[in-house]
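Student: build the 3D model from these lines:
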Amino acid sequence: MPRAPQTLDADTVRSWCAGALAALGRERAEIDAINVYPVADGDTGTNLYLTVESAARAVTAADGSADVAEIIRTMAHGALLGARGNSGTILSQLLRGMAAVLAEGTDGDHLARALAGAAAEARKAVAHPVEGTLLTVADAAAGACAAGGDLVTVARKAHEGARTALDATPGQLDALRRAGVVDAGGAGLVAVLGALLEALTGEAPAPAAGAAAPAGHLHHPPLALDCAADSGPAYEVIYLLEAADEAVDRLRDRLDALGESLVVVGGDGLWNVHVHTDDAGAAVEAGVEAGRPHRIRVTHFERRPEPAERAVVAVLPGEGLAGLCAEAGATTLVARPGETPTAAELTEAVRRAHAREVVLLPNDTELRAVAAEAAEHARREGIRVALIPTRAAVQGLAALAVHEPGRSFDEDVVAMTAAAGATRYAELGVAEARSFTSAGVCQAGDVLGLIEGDVAVIGRELTATAVTVLDRMLSAGGELVTVVVAADTPDDLATTLEQHVRATYLAVDTTVYHAGEGAPPLLIGVE
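Tutor: The predicted structure follows:
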């Protein structure tokens, strides 16, 4: 029998991170199903999975020669950047708390201290801690191994203590007792600690002896979630925040007055902020006052509606355009500059649509493979998904405009595909450096007009370049021009283009949309 390791090393941490992701992947649907607190929105398993997925991506990208302390910090930092939901945010703080101690040493005694420090840090990060939750399970894991010991013994005691505490959570929280389930966040933590034990021993933890069901796998009646109250704030707001400590202290007070389930984690100038509130705008404004918020996510709580027959899921460049499509009935995912959505995020969006049939619009050539992977994941869960390979947001808008749920699924997909395919698209951007293009050499600061993905026009000024691009597109004919402008695009650009079309192309109509922050300066579609 191989000798048990006495200290953690970098490879074991990598195995732990990968194992935690695999374990949450296996248990995600079940953890989602028992999610009744603080909001019965069925996404705790998914949020934990996406949080650990972000940690795993960071660890995979780390230098192969990095030592164990650096890998642990990388894992914690990756979780902070990608933390989702209440439980994911708390888990990121647990990992951060562990990293602070394990950077000093990685034997069993340090692991015990790390778990204790992590539990304390996580509890401090939550504005109003509640027993019977992930915090309780984390405390129990730390308490079970407080005496220390060798590395494997500490990890095993922590896992067993967490699992025992998880089984007791229904007796501590009325929402869990009424639904007949254990705490979803706590179940996720048990899976993460089980992955640590497996990384150290090479063996998956055994089920709890004599239990009615293994912890984290408690059977629950199909309608148990109906017991949860359908009340509380309407929105979940999450963002990363660059801010000083003193500004974050004031932010906590401000957000605590605005909502509930407030969790603020991080440090060293970078924080992850999570709150449930009825005033999402005020929560974001509070972040702006405190520092620089980014990766802002606002989710309207959907409390397990009956599945619709059909839905559309669309990826959009900008909050304004996403809001417009949401008003038209689509489930949306915002793709911000430099942040390509993952297959897991797209799959999550398909689930959020709560529909038996879903039309998926990636609206970006580079998202085709990711969208295909997400569609396949959703099909394995029993959702019928049709992927329309839209290459630009204006093609997605054209497809959504002809969407008709009353038609058969196949007829609807054919009509939407035809509308998208009949829409030529263009985009205006600004060159960041001198380079060679299909239209010649451009200099930094030049305005580039791309038609169907290729540079067709190089100009010095945005409006003149836009007019030239539009004329080239309409030279092949067209009946409708769609113009999508970003928040920082000059106010008169859309008006100028509308007037130009009206004066030059008598039979062509123009529609203008505002994409909001994060979109390219100008998108043009011609149908």
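
Student: low pLDDT regions in the chain?
Tutor: 1-4, 206-231, 302-307, 337 (pLDDT under 70).

Student: helices of the stretch 201-350 of the chain, start to end?
Tutor: 245-258, 280-290, 319-327, 343-352 (DSSP state H, counting those that start in this stretch).

Student: please identify which of those helices is closest to residue 79.
Tutor: helix 343-352 (14.5 Å; Cβ to Cβ). Every C-beta, even on glycine, is put in place using the N, C-alpha and C of the backbone.

Student: for the helix or strand that comes right after that closest one, name the packing helices and strands.
Tutor: Using DSSP states H and E, the helix or strand that follows helix 343-352 towards the C-terminus is strand 355-361. If you count contacts as 3 or more Cβ pairs under 8 Å, 6 or more residues apart in numbering; DSSP states H and E, strand 355-361 packs onto strand 308-316, helix 343-352, helix 368-380, strand 384-387, helix 393-401, helix 409-421.

Student: single out the most deeply packed of those.
Tutor: helix 393-401 (a mean of 26; mean count of other Cβ atoms under 10 Å).

Student: what angle do helix 319-327 and that one make with each other?
Tutor: 10 degrees (axes from the mean of the first three to the mean of the last three Cα atoms, to 10 degrees).

Student: what does helix 393-401 contact?
Tutor: 312, 314-317, 321, 325, 328, 330, 359, 361, 363, 388, 390, 416-417, 419-423, 425, 482, 484, 513, 515, 519, 523-525, 527 (Cβ atoms under 8 Å, 6 or more residues apart in numbering).

Student: which among these count as buried?
Tutor: Buried residues within the contacts of helix 393-401, counting neighbours by 16 or more other Cβ atoms under 10 Å: 312, 314-317, 321, 325, 330, 359, 361, 363, 388, 390, 416-417, 419-420, 423, 425, 482, 484, 513, 515, 519, 523-525, 527.

Student: ok so, going back, would you list the helices and strands packed on strand 355-361 in CSV and tack on distance to residue 288?
Tutor: Formatted as CSV, these follow (distance: least, Cβ to Cβ, whole Å):
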stretch, distance to residue 288
strand 308-316, 22
helix 343-352, 25
helix 368-380, 31
strand 384-387, 37
helix 393-401, 26
helix 409-421, 36
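
Student: right, and those - which one's nearest residue 35?
Tutor: Of all those, helix 343-352 sits nearest to residue 35, with 12.5 Å by Cβ to Cβ.

Student: thinking again about what came up before, ranking the helices of the stretch 201-350 of the chain by burial, who's on top?
Tutor: It is helix 343-352: most buried of these by mean count of other Cβ under 10 Å, with a mean of 22.

Student: which residues touch that one?
Tutor: So helix 343-352 is contacted by 43, 46, 49-50, 53, 302, 313, 315, 331-333, 358, 360, 362, 367, 370-371, 373-375, 377-378, 381, 383, 385 (Cβ under 8 Å, 6+ apart).

Student: restricting to C-alpha, output stretch 436-453 in PDB.
Tutor: Output of stretch 436-453 as PDB, limited to C-alpha atoms (Å, rounded to 0.1, in the frame of the first residue of the first chain):
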ATOM      1  CA  PHE A 436      -2.400  44.800 -42.900                       C
ATOM      2  CA  THR A 437      -6.100  44.100 -43.800                       C
ATOM      3  CA  SER A 438      -8.100  43.000 -46.800                       C
ATOM      4  CA  ALA A 439      -8.700  46.700 -47.600                       C
ATOM      5  CA  GLY A 440      -5.100  47.800 -47.200                       C
ATOM      6  CA  VAL A 441      -2.900  49.000 -44.400                       C
ATOM      7  CA  CYS A 442      -4.500  50.600 -41.400                       C
ATOM      8  CA  GLN A 443      -3.000  52.700 -38.700                       C
ATOM      9  CA  ALA A 444      -3.800  52.800 -35.000                       C
ATOM     10  CA  GLY A 445      -6.900  54.900 -34.500                       C
ATOM     11  CA  ASP A 446      -8.300  54.300 -38.000                       C
ATOM     12  CA  VAL A 447     -12.000  53.400 -38.200                       C
ATOM     13  CA  LEU A 448     -12.500  49.900 -39.700                       C
ATOM     14  CA  GLY A 449     -15.700  48.900 -41.500                       C
ATOM     15  CA  LEU A 450     -16.100  45.100 -41.600                       C
ATOM     16  CA  ILE A 451     -18.700  43.600 -43.900                       C
ATOM     17  CA  GLU A 452     -19.400  39.900 -43.300                       C
ATOM     18  CA  GLY A 453     -16.300  39.700 -41.100                       C
END
